[in-house]
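> Below are the sequence and a predicted model; questions follow.
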Amino acid sequence: MIYAPPATEIVPLYADDALLVVEKPAGLLSVPGRGDDKQDCLISRVQVDFPDALIVHRLDMGTSGLMVLARGKAMERALSIAFQQRQVHKCYQAVVSGCLQPLNGEVNLPLITDWPNRPRQMVCFERGKASCTRYQVLNYDSPSDTTRVALEPVTGRTHQLRVHLQALQHPILGDELYASAAVCAQAPRLLLHASQIRLPHPLTGATLSVNSAVPF
């Protein structure tokens with residue numbers, strides 16, 4: 001697959017001496033990939049204006065939305081600890097195939113890398129890591145037989161939201177890894193967006209909350 005990221009300018013929604021909050025467009029890598037053709041990414045673009053910016057978490061290439069970046073090594077450590085201690089709360093929106101029932105719930109399915117089919121992940125009760133996602137249905141669209149859903153990952157496993165929704169038999173539209181060809185073709189991109197992030201500021205302890213409009 002040819003990597004052709006959008007030329008979207010990355011303008012911070014929030015910036016101070018400790019951290020940045022930015023919006024990643026769909027189709028852009030969070031960090032450099034393998035090969036010279038995959039060096040254009042969110043962190044390289046941000047570092048043009050903020051050379052001390054460092055990654056503390058990632059979004060999948062197909063996912064859009066909010067990312068927190070640390071400014072300098074000390075803030076990278078502080079924010080990494082906040083993520084590890086689950087002090088950072090993230091909300092996503094997705095559009096999934098079918099009518100998701102019940103209207104809210106919690107998915108607890110352990111995940112592990114599907115090594116023969118990397119980067120795919122899979123549910124594995126023997127060796128998987130505990131993974132938890134809370135969800136709430138926002139609305140159901142009958143003509144397209146799709147559901148808009150709010151998602152809160154309690155844990156932060158790779159592809160967690162995508163695999164958990166597939167496990168519920170409601171894969172995300174546009175998902176090239178976990179949806180059928182027909183469901184994937186229902187959208188021009190992965191319909192998953194990080195719409196809110198909330199965390200204690202690493203210097204002041206005050207709650208920082210940033211929202212991002214859902215582009216689909």
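Structure received. The structure displayed is predicted, hence computed values, not measured ones.

> Going by C-alpha atoms from here, please, whenever you check contacts or count neighbours.
OK.

> Which of the three states applies to the spatially most central residue of the chain?
The geometric centre of the chain, computed from its C-alpha atoms, lies nearest to residue 59 (CA atoms, centre = their mean), at 4.1 Å. Three-state call for residue 59 (DSSP: H, G, I helix; E, B strand; the rest coil): coil.

> mind checking pLDDT for it?
pLDDT for residue 59: 97.

> so it sits right up against residue 43, yeah?
No. Between residue 59 and residue 43 there is no contact under CA atoms under 8 Å: 11.6 Å.

> what about the residue at the greatest distance from the centre of the chain, which helix or strand?
Centroid-distance maximum for the chain: residue 143 at 27.4 Å, with CA atoms, centre = their mean. Counting by DSSP states H and E, there is no helix or strand that carries residue 143.

> cool, residue 194 as well?
Using DSSP H and E, residue 194 falls in strand 192-200.

> residues making contact with that strand?
62-66, 82, 87-95, 172, 206-215 (CA atoms under 8 Å, 6 or more residues apart in numbering).

> Can you list which of those residues are found in strands?
Residues of the contacts of strand 192-200 located in strands (DSSP state E): 64-66, 89-95, 207-211.

> Check these and tell me the two furthest apart.
Farthest-apart pair in these is 95 and 207; separation 28.8 Å (CA to CA).

> who has more neighbours, the two?
residue 95 (26 against 11; other CA atoms under 10 Å).

> got a pLDDT number for the residue nearest to that one when sequence neighbours are not counted?
Among residues not flanking residue 95 along the chain, residue 148 sits closest, at 4.4 Å (CA to CA, 6 or more residues apart in numbering). Per-residue confidence (pLDDT) for residue 148: 98.

> was I right about residue 185 contacting residue 179?
No. Using CA under 8 Å, residue 185 is not in contact with residue 179; the gap is 9.2 Å.

> Neighbour count: the two, which is higher?
Neighbour count, other CA under 10 Å: between residue 185 and residue 179, residue 179 has more, with 22 against 15.

> for the nearest residue to residue 203 once chain neighbours are set aside, what are its contacts?
Spatial nearest neighbour of residue 203, chain neighbours left out: residue 18 (7.3 Å); criterion: CA to CA, 6+ apart. For residue 18, the contacting residues are 70-72, 75, 202-203, by CA under 8 Å, 6+ apart.

> and what of residue 28?
Contacts of residue 28 by CA under 8 Å, 6+ apart are 5-6, 40-42, 61-62.

> Need the phi and psi values for residue 49.
phi -100, psi -20 (degrees, to the nearest 10).
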